Structure formats: C-alpha cells, structure tokens
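> Output the structure for:
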Amino acid sequence: MILCLHFTLMFAVKTLPEADYPFAVDLANTMNWNMAIEDFEFMASLEPDSCLLLLDDTKQAGIATCISYGKIGWFGNLIVEESYRNRGAGTALVTHAIKQLYAKGVETVGLYAYRHLAGFYEKLGFKVDKDFAVLEAKALQAIKADMLPKIGAQQLLEIISFDSEYFGGNRHKLLESIICTESNASFYVSKNHGVVGYVAATIYESMAWLGPLICAPSRYDIALPLIKAALSEMTGRDVFAVLPKTEVALLEAFWGFGFRETFSVSRMFLGKAPAKNCIYMAESLERG
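Residues are numbered from 1 along each chain as shown. Presented below is the predicted three-dimensional model:
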C-alpha cells in the first residue's frame, strides 16, 4: 500500500520527449551521474514510457525513470530542480511511476536509495531490504581469468529463465540487449542440471559496468571465476560494480582487484520482497 501521498496538484507528469533529453542529461549531471543522451535512449528502447518528465505548467521541473519486469518493477533515477525540492515534486514523480508500473501488472517495486533519501521512500511505503556498496576501479589492472563459455543465442533463453527464477521478474528485454551487443561481455557456468551462474557486463570505450551477476546460493567457486572472466575484458577502463555489503568474500576479492567503495545505497521494496536466495550483483542502480 502506498502511504502519505501528499503533493501539490499543479504538477503534471508525462513521458519524457526526445526533445527534452538534453534537459534530462543536464539535470542528472548536477548530481555527477555522468549520464548522456544515450542513457535515456537506451531506457526508452527497453520501454517507451520508462523516462518521465515532471512539469509545473509548461516548465520542466524534474525527471525519473522506471521499468517493468513482469511482477517486478524498478524505479531508477529521480531528480528535481533545486527550486522545486521539498514542494512535493519528488513525491509526484514517484507516485506516478508506481501507478504506471502497477497498471502493467507489477506487484512489487524495487529501488536503490541513497542513505539520506531512505526516509523519503519509507513515507511512500517502501521498506529497506539490504545495503549495497557501489564500487569503482580507476584504469582497471589486467585480471587473469580462466576460460569460460560465453553466452550465445543458444543459451539466452536458459539464462533468462535462470535469472527470472532468482530475480523474481522477467528481465529478458534488458538481458537480451546487453548480451547481444558485441562490445559487451557475458559468461556462464552450467552443470548437470543446467545453468548455475552467469555474469554480463556493459563495456564502453573508457568505462564499464560489471553486472548483472546471479549464481546459485553459496557457489562462490562459480561467482569469482565469472567475475574475473568479465573483468579480464575491461583492462584500462574505469569499472563500476554494485553488490551487497554482506558479500564479504566477494568484496575482499574486489579490494584485491583495485576497487574501492565510493558510496552505499539501500535496496528497498514496495510490496513483497523477492525471497529467493542467491549470489547477486546489480545490473545498475537504475534498473535493478
């Protein structure tokens, strides 16, 4: 149930038009998010109405993103112009996104919240689930890795099914987009009864995002080789990763690879949290 829905009715929310992408980029980057127009184009390619624009009459006041994965939805970026803060603008965007996701059949909405914003989301009914560390390695050193099979078209459906089992929603449009892009990296490990772990990474010219990663519970013997395999494709780039603070063994490995924690976030859910236990790394803060 959504609680405490109080916001000024002068606000309107609509799908972010392409013509307003530059505004969205400029606003987002006041928070040092290093976003580009391509980021909003990518979100819109996954779900056409995933990027939202907040208006005060005709004045641009804020932006947000959200995406649906069947029963699970994810709320991503949220930022409003400074002059509109503490005036209900953020609440207007969040509640609109939640209603939009519910209309698509979503039952649970997740997000990653900065620590100082957790209270804001709690007033809207979200509950803290787990704390995550956001890691960064500058100019990643070369990582030695075992040869692991890459995910191809033949494995894609099985990977999507495996991911859905643990994530709780169907991320096929996101996974297919990442895995089928030639410049990216993706690997998997399969045993007698099928896939037991996979990793994918989005790789750009000078930076990369490691994730998502999902492995069967306690299979660190699989998770670490998968991580190394993906990192071996990113030498010299600035690399980011998001994983639970409870994953001490993996965090220690990342320290050894030259990563450091830049900040932390709380994963929060509105509705029943997915209960499936696994080793997990996020695809991004925006998309879960």
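
> So which bits of the helix or strand containing residue 128 are buried?
Using DSSP states H and E, residue 128 falls within strand 127-137. For strand 127-137, burial by neighbour count (16 or more other CB atoms under 10 Å) applies to 132-137. All C-beta atoms are positioned from the backbone trio N, CA, C, and that covers glycine.

> Residue 27 contacts residue 78, correct?
No. Look at residue 27 against residue 78 with CB atoms under 8 Å: they stay out of range, at 10.8 Å.

> overlap in contacts of the two?
62-63 (CB atoms under 8 Å, 6 or more residues apart in numbering).

> what about the two, which has more around it?
Taking other CB atoms under 10 Å, residue 27 and residue 78 do not tie; residue 78 has more neighbours (25 against 21).

> Nearest residue to that one in space, please, no chain neighbours.
residue 64 (4.7 Å; CB to CB, 6 or more residues apart in numbering).

> bridging residues for that neighbour?
Beta-bridge pairing for residue 64 (DSSP bridges): residue 52, residue 78.

> returning to that earlier point: what lies in contact with the strand holding residue 128?
Strand 127-137 is contacted from outside by 110, 112, 118, 122, 238-246, 251, 254, 257-270, 273, 282, 285, using CB under 8 Å, 6+ apart.

> Looking at those, which are in strands?
Of the positions in the contacts of strand 127-137, 110, 112, 238-244, 260-270 sit in strands, assigned by DSSP state E.

> Show the buried residues in the residues you listed.
Buried among those by 16+ other CB under 10 Å: 110, 112, 239-244, 265-270.

> Residue 170: which of the residues you listed is nearest?
Looking at those and their distance to residue 170, the nearest is residue 110, at 14.2 Å (CB to CB).

> gap between that closest one and residue 272?
According to CB to CB, to the nearest Å, residue 110 stands 11 Å off from residue 272.

> Format the buried ones among the ones in strands among the contacts of strand 127-137 as CSV; extra columns: distance to residue 37 and pLDDT.
Shown next, in CSV, are those (distance: CB to CB, whole Å; pLDDT from 0 to 100):
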residue, distance to residue 37, pLDDT
110, 26, 98
112, 23, 98
239, 23, 98
240, 20, 98
241, 24, 98
242, 23, 98
243, 29, 98
244, 32, 98
265, 25, 97
266, 29, 98
267, 28, 98
268, 29, 98
269, 31, 98
270, 30, 98
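
> all strands of the protein, in order?
11-15, 51-56, 59-69, 72-80, 108-114, 127-137, 185-191, 194-203, 207-215, 238-244, 260-270, 279-281.

> And the ones you listed: which comes nearest residue 165?
strand 207-215 (8.7 Å).

> Parallel or antiparallel, which strands does the closest one pair with?
For strand 207-215, the paired strands and their directions (DSSP bridges) read strand 194-203 (antiparallel), strand 238-244 (parallel), strand 279-281 (antiparallel).

> Give the rounded mean pLDDT of it.
Confidence over strand 207-215 (mean pLDDT, whole number) is 98.

> what do you get for stretch 185-193?
Averaging the model's pLDDT scores along stretch 185-193 yields 95.

> Just the buried residues of that stretch, please?
Buried-residue list, stretch 185-193, by 16+ other CB under 10 Å: 185-189.

> do you know how far residue 249 is from residue 272?
Going from residue 249 to residue 272 by CB to CB gives 28 Å.

> what does residue 41 give?
Computed as CB to CB, the residue 41 to residue 272 distance reads 33 Å.

> so what's residue 122 up against?
Contacts of residue 122 were listed using CB under 8 Å, 6+ apart, and they are 128, 268.

> Tell me the confidence at it?
pLDDT, residue 122: 98.

> Would you mind measuring from it to residue 33?
For residue 122, the distance to residue 33 (CB to CB) stands at 23 Å.
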